[in-house]
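1. Prediction below, plus the sequence it came from.
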Amino acid sequence: MAHSDHKRLKVGFLLAESFTLSAFANFVDVLRLAADEADRSRPILCDWDVLSDTMNPVRSSCGVRVSPDTRLRDAGTYDYLIVVGGLMSEETGLSNAMITFLRTRAAAGTPLVGLCTGVFHLQEAGLLAGYRCCVSWFHHQDFLDRFETERPVSDQIFVVDRDRLTCSGGHGASHLAAFLVTRHLGQSAAIKSLNIMMIDNALGGDRPQPGQSLARQPKDPLVKRAVLLMQQNIEVPLTISALAGRLGTARRTLLRHFEADLSSSPSRVYMDLRLDRAQSKLTNSDASIPEIAQLCGFCDGAHLSKTLKQDRGFTPSQYRAAKQSQDLLSNT
């Protein structure tokens, strides 16, 4: 893509192998729609490149491949360098050349952005030391397991900390892109992009992430953040007092908000999340019942069996057997 000195926002993308296509596409589409006077995809106001050290097509997690535009050694000056992550394994990191490039540009003052699990790659490269960073609630425990001393933010859609911007992924990428478009091109350009993408409003980074589904979706921001904390602490559940403390509110206030928003107590919602998680693991994994019990915050298999039987009318063994029978019938 040809560069011009008149561009008001220039972005370079570095795609990890098995990157998340939706995060990349959502971000770049906001730029595309903001870059032109209408929906004609002319890069009048914005410019963006996919950078690579090899120029080989990069495979996304869904199998679609994206061809890079520019070699790292030919890269121009950018307002932001954006790392798009995806599936996490030993084979899906950034190349040494990409890491060296990022470190060099960061030392020169170029802001860095991590989309989806791009935050893992930036952390591994030592480029988030001393910064707050945003991680999807889904990968919260993965992040803690890999970086034991770090405490990521997992109840916001994106976090801006000086010259580091990190995003939980998904639709959050659109809102982070809109934040940058607003900063460089103005709010009207950001609104236009989101409206064309059928997104009603630009959301600030402090908006809660969507999480594991509940029968009733919370609308109260405090309740949303409480539910996200519950989801992040399934294996070792927090007390309701500890939950309130993490949220900076009183226990009685938290109880009142849950009752008003969900007509339920925090304890009831927490138990539903743990039992839902247990049922999901019974269906989608080969883990033993005692293992699932520990993963979902129960003392042992007997504790899980008793609770599930009292609450939902069946034991883990009965539930797993019924699901297996159902799957067999559906395949015949």
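-> Cool, got the structure. Residues are numbered from 1 along each chain as shown.
2. only C-alpha atoms for contact and neighbour calcs from this point on.
-> Will do.
3. pLDDT below threshold where in the stretch 101-250 of the chain?
-> 141, 200, 203, 205-216 (pLDDT under 70).
4. Could you list every helix and strand in contact with the longest helix seen in the chain?
-> Assignment by DSSP state H gives helix 266-284 as the longest helix of the chain. Judged by 3 or more C-alpha pairs under 8 Å, 6 or more residues apart in numbering; DSSP states H and E, helix 266-284 is in contact with helix 221-232, helix 251-262, helix 289-295, helix 316-330.
5. That one - what's its average pLDDT?
-> Mean pLDDT, helix 266-284: 91.
6. just the strands in this structure please.
-> 9-15, 46-52, 58-59, 65-66, 70-71, 80-84, 112-115, 158-161, 164-167 (DSSP state E).
7. Name the surrounding residues that touch the fourth one.
-> Translated: strand 65-66. 57-60 (C-alpha atoms under 8 Å, 6 or more residues apart in numbering).
8. Return the closest of the residues you listed with respect to Met98.
-> Here the nearest of the contacts of strand 65-66 to Met98, counting by C-alpha to C-alpha, is Val58; it sits at 13.5 Å.
9. dump the residue contacts of the closest one.
-> Contacts of Val58 (C-alpha under 8 Å, 6+ apart): 15-18, 65-68.
10. Arg268 - how many residues pack around it?
-> 9 (other C-alpha atoms under 10 Å).
11. mind checking how far it is from Leu255?
-> For Arg268, the distance to Leu255 equals 11 Å [C-alpha to C-alpha, to the nearest Å].
12. Just give the nearest non-adjacent residue to Glu150, would you?
-> Leu144 (6.7 Å; C-alpha to C-alpha, 6 or more residues apart in numbering).
13. Neighbours of the one you found, how many?
-> Neighbours of Leu144 (other C-alpha under 10 Å): 13.
14. so how far is Asp220 from Pro316?
-> Taking C-alpha to C-alpha, one finds Pro316 at 33 Å from Asp220.
15. same question, Val83
-> For Val83, the distance to Asp220 - C-alpha to C-alpha - is 32 Å.
16. Neighbour count: those two, which is higher?
-> Neighbour totals were compared for Val83 and Asp220, and Val83 leads with 27 against 14 (other C-alpha under 10 Å).
17. For beta bridges, what are the partners of that one?
-> Counting by DSSP bridges, Val83 is bridged to Leu14, Gly114.
18. which ones are touching it?
-> Val83 touches 13-16, 112-115, 118-119, 121-122, counting by C-alpha under 8 Å, 6+ apart.
19. rerun at 6 Å
-> 14, 114, 118 (C-alpha atoms under 6 Å, 6 or more residues apart in numbering).
20. Was I right to think the second one contacts Asp163?
-> I take that to be Gly114. No - using C-alpha atoms under 6 Å as the test, Gly114 is too far from Asp163 to be in contact (11.3 Å).
21. Between these two, point out the one with more neighbours.
-> Set side by side, Gly114 and Asp163 show more neighbours around Gly114, with 30 against 14, by other C-alpha under 10 Å.
22. Let me see the contact set for the more buried one.
-> 82-83, 166.
23. CSV please, covering the contacts of Val83 and showing distance to Ser241.
-> Listed next are the contacts of Val83 as CSV, based on distance: C-alpha to C-alpha, whole Å:
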residue, distance to Ser241
Leu14, 43
Gly114, 33
Gly118, 34
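24. Would you pull up how far stretch 280-295 lies from the middle of the chain?
-> Relative to its chain's centre, stretch 280-295 lies at 24 Å (C-alpha atoms, centre = their mean, to the nearest Å).
25. which residue packs closest to Leu243, ignoring adjacent ones?
-> Ala226 (7.0 Å).
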